[in-house]
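Peer 1: Just need the structure, nothing else, for what follows:
(3 chains)
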Amino acid sequence: MAVEEETLAVPAHQHEDHPGHKKLVIIAWGGELDRVWPQMILATTGAAMGMDTTIFFTFWGLMALVKDNKRITGDNWMQKMMAMMDRPGIDHLKLGQMNFVGAGPAMMKKLAKDHSVASPGELLQLAVDLGVKLVPCQMTMDLLGLKREDMIDGISEPAGATTMLMEGQDAITLFI
Amino acid sequence: MAVEEETLAVPAHQHEDHPGHKKLVIIAWGGELDRVWPQMILATTGAAMGMDTTIFFTFWGLMALVKDNKRITGDNWMQKMMAMMDRPGIDHLKLGQMNFVGAGPAMMKKLAKDHSVASPGELLQLAVDLGVKLVPCQMTMDLLGLKREDMIDGISEPAGATTMLMEGQDAITLFI
Amino acid sequence: MAVEEETLAVPAHQHEDHPGHKKLVIIAWGGELDRVWPQMILATTGAAMGMDTTIFFTFWGLMALVKDNKRITGDNWMQKMMAMMDRPGIDHLKLGQMNFVGAGPAMMKKLAKDHSVASPGELLQLAVDLGVKLVPCQMTMDLLGLKREDMIDGISEPAGATTMLMEGQDAITLFI
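Peer 2: Here you go, the predicted model:
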């Protein structure tokens, strides 16, 4: 499981040259709205502050990077399972086991709009624009039978736990 | 979303003077008993060890800082939602999706008492006494229409993700 | 709650001698399959990379270290609660609130096997073999009335939050 991987790590001297310029590595594990929001808000804030920021999308979190129009129609049982899933893509997230102030995702999004908080989809695009590295977990992709072309544009090459831990050296690391 | 904020960051030299004296930053995201307990136990333990400790309360976690007698009666839809919510405040927490050894919160609290583990409310007071910085998330407050006077005493000024990430430099950071 | 404990901390110079050789500390809080997997995959990957790796098992996470044949039959109410619990042990985990691609744990395990991803039980054994320190949380053990002999072999002495925070100095720390 710890295969040889291309490292994304920043050279050590870069950190020393900019002692106040830390890295931020977010392991985006959760796939519901109440986790995707903090994943995206922290990542875009970090990037806007000049932090070298990476989001590693794994498990449920990977769904945010799957193309919206991806409807799997294959014939093995795993793909059938996928076809029964709710639509992937960051614009179709559920809210999590508790409802935020009793509100569903639609209300939550309206609330956010009224208060000028960007939607997850907008934050994902902002993350791309700000140079956040969006790295899909290779193992999760393999488990789900997802290929590079099933994923949205603007993301990095798939990688694994080794890359993530290399990247996490001298970084603020958060499992969300 | 990354607004100009007052920073809570400790001057860099302070860390260098006390190389073994690290900072601890807990992002208190969850609002159920099984998450509030580790938030509070880790924060009070860190402070007792002399660590410069901050809890940043966001999303569900913010509820721990809302006054117990806060019953919103306003007339916009969002406030109506709030009024339907379970009572906020740290003494009225649910236990989370799994029941710990099948026990509800009341049993869990009895169990904790029998074994001399402090309750979340006691731990919150202890955190204040030990000088833990309790920082409510400004964005979550805005979303919920909460004002400074709706929050319990002894907490810091509301702040946002920028402040949290500044504070997280050279700290142990945990998203709980 | 912050009792005097034996520290597991690595001497400071060890980190300086191997500046690229970081520590990894995982707080294994969750007990369901979708959290145990990342706990185990990250820990074994870290250890395989030469990182000094510790998993601190607390709350729901502790169940992974409880012997499979441990059926509590005592007569206080707490033990009766335990007796009603699902079987502890890492081979009997549930999948969490969402089903991964609609699949239950058995399907998930088959899927993992088909793709050569080790099971949690195999990963736990691998962690032992790789020298990962597996530390059960003393407070959780006390709450559940568990003794050292109720836990699987190959694990470290129980410890508490103080030890965990000492160990987390200069480490990548993840709350999973």
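
Peer 1: The longest helix seen in chain A packs against which elements?
Peer 2: Taking DSSP state H as the criterion, chain A has its longest helix at helix A:33-48. Helices and strands touching helix A:33-48, by 3 or more C-beta pairs under 8 Å, 6 or more residues apart in numbering or on different chains; DSSP states H and E, are strand A:23-28, strand A:52-57, helix A:120-129, helix B:161-167. To be clear about C-beta, it is placed using only N, CA and C from the backbone, and glycine gets the same treatment.

Peer 1: After the last one, which helix or strand is next? Please name it.
Peer 2: Okay, so that is helix B:161-167. For helix B:161-167, the succeeding helix or strand toward the C-terminus, using DSSP states H and E, is strand B:171-175.

Peer 1: Can you confirm whether that next one lies near chain A?
Peer 2: Yes. Strand B:171-175 reaches chain A (C-beta under 8 Å from any C-beta of the partner chain) through B:171, B:173-175.

Peer 1: for those, which one is nearest residue A:48?
Peer 2: Nearest to residue A:48, judged by C-beta to C-beta, of these is residue B:173 at 18.3 Å.

Peer 1: Could you report the pLDDT at the residue nearest to the closest one when sequence neighbours are not counted?
Peer 2: Closest residue to residue B:173 apart from its sequence neighbours, by C-beta to C-beta, 6 or more residues apart in numbering or on different chains: residue B:25 at 4.8 Å. Looking at residue B:25, its pLDDT reads 98.

Peer 1: does residue B:25 really touch residue B:164, like I thought?
Peer 2: Yes. Applying C-beta atoms under 8 Å, one finds residue B:25 in contact with residue B:164, separated by 7.0 Å.

Peer 1: quick revisit: what's the model's confidence in the longest helix of chain A, averaged?
Peer 2: 92.

Peer 1: and that helix with helix A:120-129, angle?
Peer 2: Put simply, helix A:33-48 runs at 30 degrees to helix A:120-129, going by axes from the mean of the first three to the mean of the last three C-alpha atoms, to 10 degrees.

Peer 1: Compute the inter-axis angle for helix A:33-48 and strand A:23-28.
Peer 2: Going by the same axes, to 10 degrees, helix A:33-48 makes 160 degrees with strand A:23-28.

Peer 1: rewinding a little: which among the residues of strand B:171-175 next to chain A gets closest to residue B:156?
Peer 2: residue B:171 (15.8 Å).

Peer 1: beta partners of the residue lying closest to the closest one once chain neighbours are set aside?
Peer 2: Leaving aside its chain neighbours, residue B:171 sits nearest to residue B:23 (3.6 Å; criterion: C-beta to C-beta, 6+ apart). Counting by DSSP bridges, residue B:23 is bridged to residue B:52, residue B:171.

Peer 1: For residue B:23, give its distance to residue B:42.
Peer 2: 13 Å (C-beta to C-beta, to the nearest Å).

Peer 1: do residue A:146 as well
Peer 2: In terms of C-beta to C-beta, residue A:146 sits 36 Å off from residue B:42.

Peer 1: For these two, indicate the residue with more neighbours.
Peer 2: residue B:42 (27 against 23; other C-beta atoms under 10 Å in any protein chain shown).

Peer 1: Contacts only, for that one.
Peer 2: When contacts are counted by C-beta atoms under 8 Å, 6 or more residues apart in numbering or on different chains, residue B:42 is found next to B:24, B:26, B:174, B:176, C:161, C:164-165.

Peer 1: If we use 10 Å, what do you get?
Peer 2: Contact analysis of residue B:42 by C-beta atoms under 10 Å, 6 or more residues apart in numbering or on different chains lists B:24, B:26, B:51, B:53, B:55, B:123, B:172, B:174, B:176, C:27, C:58, C:161-162, C:164-165, C:168, C:175.

Peer 1: just residue A:128 next, same as before
Peer 2: Residue A:128 neighbours (C-beta under 10 Å, 6+ apart): A:44, A:47, A:134, A:152-155.

Peer 1: quick one: which of those residues is most hemmed in?
Peer 2: The most crowded member of these, judged by other C-beta under 10 Å, is residue A:44 (26 neighbours).

Peer 1: Thought residue A:130 was touching that residue, still the case?
Peer 2: Yes. Counting by C-beta atoms under 10 Å, residue A:44 touches residue A:130, with 5.9 Å between them.

Peer 1: among the contacts of residue A:128, which are in helices?
Peer 2: A:44, A:47.

Peer 1: Go through the contacts of residue A:128 and name the one nearest residue B:64.
Peer 2: Among those, residue A:44 lies closest to residue B:64 (C-beta to C-beta), at 26.0 Å.

Peer 1: Contact partners for the closest one?
Peer 2: Contacts of residue A:44 (C-beta under 10 Å, 6+ apart): A:53, A:55, A:118, A:122-130, A:132, B:1-2, B:161.

Peer 1: min pLDDT across those residues, which one?
Peer 2: Among the contacts of residue A:44, residue B:1 has the weakest pLDDT, 38.

Peer 1: Neighbour count: residue B:25 and residue B:164, which is higher?
Peer 2: Neighbour count, other C-beta under 10 Å: between residue B:25 and residue B:164, residue B:25 has more, with 28 against 23.

Peer 1: From residue C:24, how far off is the more buried one?
Peer 2: Taking C-beta to C-beta, one finds residue B:25 at 18 Å from residue C:24.

Peer 1: Same check on residue A:51?
Peer 2: 21 Å.

Peer 1: what does residue A:130 give?
Peer 2: Distance from residue A:130 to residue C:24, by C-beta to C-beta: 28 Å.

Peer 1: what do you get for residue A:67?
Peer 2: From residue A:67 to residue C:24 the distance is 33 Å (C-beta to C-beta).

Peer 1: Quick check, residue A:123 in contact with residue A:40.
Peer 2: Yes. Counting by C-beta under 10 Å, residue A:123 does reach residue A:40; the two are 3.6 Å apart.

Peer 1: More neighbours: which of those two?
Peer 2: Neighbours per residue, other C-beta under 10 Å: of residue A:123 and residue A:40, the larger number sits with residue A:40, 28 against 24.

Peer 1: Surely the more buried one and residue A:53 touch.
Peer 2: No. Using C-beta under 10 Å as the test, residue A:40 is too far from residue A:53 to be in contact (11.0 Å).

Peer 1: who touches both of these two?
Peer 2: A:26, A:127, A:132.

Peer 1: out of the contacts of residue A:44, who's nearest residue C:141?
Peer 2: Of all the contacts of residue A:44, residue C:141 sits closest to residue A:55, with 35.5 Å by C-beta to C-beta.

Peer 1: Spatially nearest residue to that closest one, not counting backbone neighbours?
Peer 2: Per C-beta to C-beta, 6+ apart, closest to residue A:55 is residue A:26, 4.7 Å.
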